[in-house]
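Colleague: Kindly generate the corresponding structure for this input.
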Amino acid sequence: MHTTSFSEGTVLMPWNPGPHHRHAGPVFVSVTDFLAGSEEDVREIYTTGMELGRTWPVMQGAVGLWLWGRPSEFRGGSISVWESERDMRRFVRWPVHTEIVKAWRGRVGIGVDSWHAEQFEADAILTRAGDTIERPHGRAA
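Modeller: Below is the predicted model:
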């Protein structure tokens, strides 16, 4: 069991290992936090996130990922771990991902935090991600 600072009402999906889940060196971590405007939008975001999660095992440089949600707040997102920031940026430029971003631009608030870690330590990553998720979320302009 991981020790985290997630508050009650936060759903953390199980760890989804990527093709580089045995990576032992430094990693890059990215936390995304989406704020939807309606229950219908949040359901669609969760569905899209789960579909993207199915492609995870083939993502170049992907160490692994957790999806998280706060249904009562219409929020959710991911905690993704990569071999490098370059690998994460490759995913961000992936045509499937860019189409999703275009479709949701202006419809949701987005918060992001990212950092380099000396190695993959699940508890440390989840603790820092929990601190990020606990911060108040403002709607993006």
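
Colleague: so where's the chain uncertain?
Modeller: Along the chain, segments meeting pLDDT under 70 span 1-5, 57, 136-141.

Colleague: what about the strands in it?
Modeller: Secondary structure of the chain (DSSP state E): strands at 11-12, 16-17, 27-35, 62-70, 75-82, 109-117.

Colleague: Need those in CSV (columns: mean neighbour count).
Modeller: Quick note: C-beta positions are derived from backbone N, CA and C, even for glycine. Converted to CSV, those look like this (neighbours: other Cβ atoms under 10 Å):
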stretch, mean neighbour count
strand 11-12, 14
strand 16-17, 16
strand 27-35, 22
strand 62-70, 22
strand 75-82, 24
strand 109-117, 14
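
Colleague: my guess is residue 128 meets residue 116, correct?
Modeller: No. Checked against Cβ atoms under 8 Å, the pair residue 128 and residue 116 is beyond contact range at 11.6 Å.

Colleague: list residues touching both of these two?
Modeller: The contact sets of residue 128 and residue 116 overlap at residue 29 (Cβ atoms under 8 Å, 6 or more residues apart in numbering).

Colleague: hang on, the earlier thing: rebuild the strands of the chain as JSON lines, extending it with distance to residue 94.
Modeller: Converted to JSON lines, those look like this (distance: least, Cβ to Cβ, whole Å):
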{"stretch": "strand 11-12", "distance to residue 94": "24"}
{"stretch": "strand 16-17", "distance to residue 94": "17"}
{"stretch": "strand 27-35", "distance to residue 94": "14"}
{"stretch": "strand 62-70", "distance to residue 94": "11"}
{"stretch": "strand 75-82", "distance to residue 94": "13"}
{"stretch": "strand 109-117", "distance to residue 94": "17"}
